[in-house]
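Participant: fold the following and give me the result.
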Amino acid sequence: MNVYLHPVCAVVAWLAFGYKLSALRKSPRDYALIALCGALMCSALSFTVSHPYVWGYVDRLFGFPNSAALVSMVCVVLVLTNQQIVLTFWAHPPERAWRRARPRVLAAALVLAALITLFAMTAPSEPRPKDFSLYYAGHPLYAVYLLIYLVFYTIGEIETARLSQRYAKVSHRLWLRRGLRLTAVGAWTTLGFSLIRITDVILSPYAVDLRPLEPVAWVCGDVGALLTHVGWTLPGWGPTLNAPRRWLRAWRQYRRLRPLWNVLHELAPMIELTAPANGFWSRFRPSTLEFKLYRQVIEIRDGQLALRSYTDPEAVRTATELGRRAGLTGKELQAIEEAAQLASMVRSRERNVPPSAHPAPRTVTGPQGADLTDEIDWLVKVAETMNSPYVAAGVEGSTTHDTDIALGGRACARCKTPCSH
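Facilitator: This is a model prediction of the structure:
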């Protein structure tokens, strides 16, 4: 089974290591990132040297049989230690994290010393790249060696799963939470490997053959490792999975705001900001379209400020009152008010109604405390509300009145008398 699964795990681990290594170059003093790179590198080495085709080369390199087994287990001990260091530095300030990490590093050093000593005393001379642990499980010294390794392995995976689940609950970053939960699932899955191995060591004196469970052990170990590799790197590349949805959302909002921008830009061309130079492919990035959308919102707000003296307060009051009579409240009524303000200023400016005819009103800016994302959603709502019959009725009701003012006070349709105010 390891002939097929180990290459997949090795490739994924090396890719994950390379991905995080590029991030480490930008933050060389990030201790959590250093530990994570160390964990991924050791995991990649462990799977690489455990492959039967690589096993013999490692033996020749170190000069004694089955040295690949020792190298692989040493790497796994380092993986488990580094994983816990990563979680410790993510959850605590550096000074406190160092204090919490030292006992784990000391425990790993003691385990490594014991493993190397017992392996040298066992001196396994028969190369067994495919079933090393099962073949030597009956050897007394190797049984002790394997038990020490498996106990550390089990405790390390339980601790990794426990800490990942705990920190996932308090993390405010969506993809970090998902990555930690996936890491926890992978760590729990690998316990199937250690459980079968511990059972094999305990039952080996009784001549119990657990070879039929060997594929299950490798599947648990390798699949669990794959899940942890994905989980550790998911916070970095996970957000890119939202790119198509982000692009589509930004494109829809941009298109819905475009008619309003066109009208304001025609009446106040100075609102248009200088566009940055973009390459051909950059226009397809979500960030590029989002930047254009943010600019569009800012320019619309600038146009609203530039033309606010053209607002017809009577049209705004009429539209708001019609909405209130129709049962609109809260944000729905506020959207009617702002849409009427925009529609009336555009109508007044297009008809050249003097700005002095209306006192400059307050500028409606939507719900208080909104961030830029909420501001975009609000402005899209206002732009769509400008087609409301209440807004049309409010603006249309003031049209004749505004025209008469511009012409010098002739009788208007609403007042029925010569209007001079």
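
Participant: residues touching the nearest residue to residue 243 once chain neighbours are set aside, list them.
Facilitator: Distances taken as CB to CB, 6 or more residues apart in numbering place residue 286 nearest to residue 243, at 5.0 Å, with adjacent residues excluded. Using the backbone N, CA and C atoms, a C-beta is placed for each residue, glycine as well. For residue 286, the contact set (CB atoms under 8 Å, 6 or more residues apart in numbering) comprises 243, 246-247, 250.

Participant: poorly predicted segments of the stretch 301-421 of the chain, please.
Facilitator: Residue ranges of the stretch 301-421 of the chain with pLDDT under 70: 355-370, 398-421.

Participant: repeat that with 80
Facilitator: 353-371, 397-421 (pLDDT under 80).

Participant: show me where it has its helices.
Facilitator: Under the criterion DSSP state H, counting those that start in this stretch, the stretch 301-421 of the chain contains helices at 313-325, 330-350, 372-385, 389-406.

Participant: just the ones you listed: most buried one?
Facilitator: helix 330-350 (a mean of 22; mean count of other CB atoms under 10 Å).

Participant: between helix 372-385 and that one, find me the angle.
Facilitator: Here the directions of helix 330-350 and helix 372-385 differ by 60 degrees (axes from the mean of the first three to the mean of the last three CA atoms, to 10 degrees).

Participant: so which other helices or strands are in contact with helix 330-350?
Facilitator: When contacts are defined as 3 or more CB pairs under 8 Å, 6 or more residues apart in numbering; DSSP states H and E, helix 330-350 packs onto helix 243-267, helix 286-306, helix 313-325, helix 372-385, helix 389-406.

Participant: by contact count, what packs against the third one?
Facilitator: Of the remaining helices and strands, those touching helix 313-325 by 3+ CB pairs under 8 Å, 6+ apart are helix 330-350, helix 389-406.

Participant: ok so, going back, any chance of the helices and strands packed on helix 330-350 in a markdown table, with distance to residue 211 too?
Facilitator: Below are the helices and strands packed on helix 330-350 laid out as a markdown table (distance: least, CB to CB, whole Å):
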| stretch | distance to residue 211 |
| --- | --- |
| helix 243-267 | 47 |
| helix 286-306 | 52 |
| helix 313-325 | 77 |
| helix 372-385 | 58 |
| helix 389-406 | 78 |
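
Participant: just to revisit the earlier point, can you say which of the helices of the stretch 301-421 of the chain is nearest to residue 108?
Facilitator: Closest approach to residue 108 among the helices of the stretch 301-421 of the chain (CB to CB): helix 372-385, 44.9 Å.

Participant: circling back: apply the buried test to the contacts of residue 286 and list what passes.
Facilitator: With burial judged by 16 or more other CB atoms under 10 Å, the buried subset of these is 246-247, 250.

Participant: where in this structure is pLDDT low?
Facilitator: Ranges of the chain meeting pLDDT under 80: 1-4, 123, 125-139, 201, 204-211, 274-287, 353-371, 397-421.

Participant: what ranges do the strands span in it?
Facilitator: Counting by DSSP state E, the chain has no strands to list.

Participant: residue ranges for the helices of the stretch 151-300 of the chain, please.
Facilitator: According to DSSP H, counting those that start in this stretch, the helices that the stretch 151-300 of the chain contains are 174-203, 214-237, 243-267, 286-306.

Participant: including distance to residue 352, could those helices go into JSON lines?
Facilitator: Below are those laid out as JSON lines (distance: least, CB to CB, whole Å):
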{"stretch": "helix 174-203", "distance to residue 352": "51"}
{"stretch": "helix 214-237", "distance to residue 352": "56"}
{"stretch": "helix 243-267", "distance to residue 352": "11"}
{"stretch": "helix 286-306", "distance to residue 352": "16"}
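
Participant: how about the helices of the stretch 301-421 of the chain in a markdown table, adding distance to residue 261?
Facilitator: Below are these laid out as a markdown table (distance: least, CB to CB, whole Å):
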| stretch | distance to residue 261 |
| --- | --- |
| helix 313-325 | 21 |
| helix 330-350 | 11 |
| helix 372-385 | 9 |
| helix 389-406 | 18 |
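
Participant: closest one to residue 48 among those helices?
Facilitator: Closest among the helices of the stretch 301-421 of the chain, once you apply CB to CB, is helix 372-385, at 44.8 Å.

Participant: other SSEs contacting the closest one?
Facilitator: Checked by 3+ CB pairs under 8 Å, 6+ apart, helix 372-385 has helix 243-267, helix 286-306, helix 330-350 packed alongside it.

Participant: correct me, but residue 348 touches residue 310?
Facilitator: Yes - the pair residue 348 and residue 310 qualifies as a contact (CB atoms under 8 Å) at a distance of 4.1 Å.

Participant: what sits against residue 317?
Facilitator: Counted by CB under 8 Å, 6+ apart, residue 317 has contacts residue 394.

Participant: I'd like the numbering to begin with 149 instead of 1 from here.
Facilitator: I'll keep to 149 as the first residue from here, and by that count the last item is residue 465.

Participant: how much space between it and residue 485?
Facilitator: Relative to residue 485, residue 465 is positioned 9 Å away (CB to CB, to the nearest Å).

Participant: and if you look at residue 306?
Facilitator: 59 Å.

Participant: swap in residue 198?
Facilitator: Residue 198 is 69 Å from residue 485, where distance means CB to CB.

Participant: repeat for residue 474
Facilitator: 14 Å.

Participant: find the nearest non-adjacent residue to residue 545, please.
Facilitator: residue 466 (5.4 Å).
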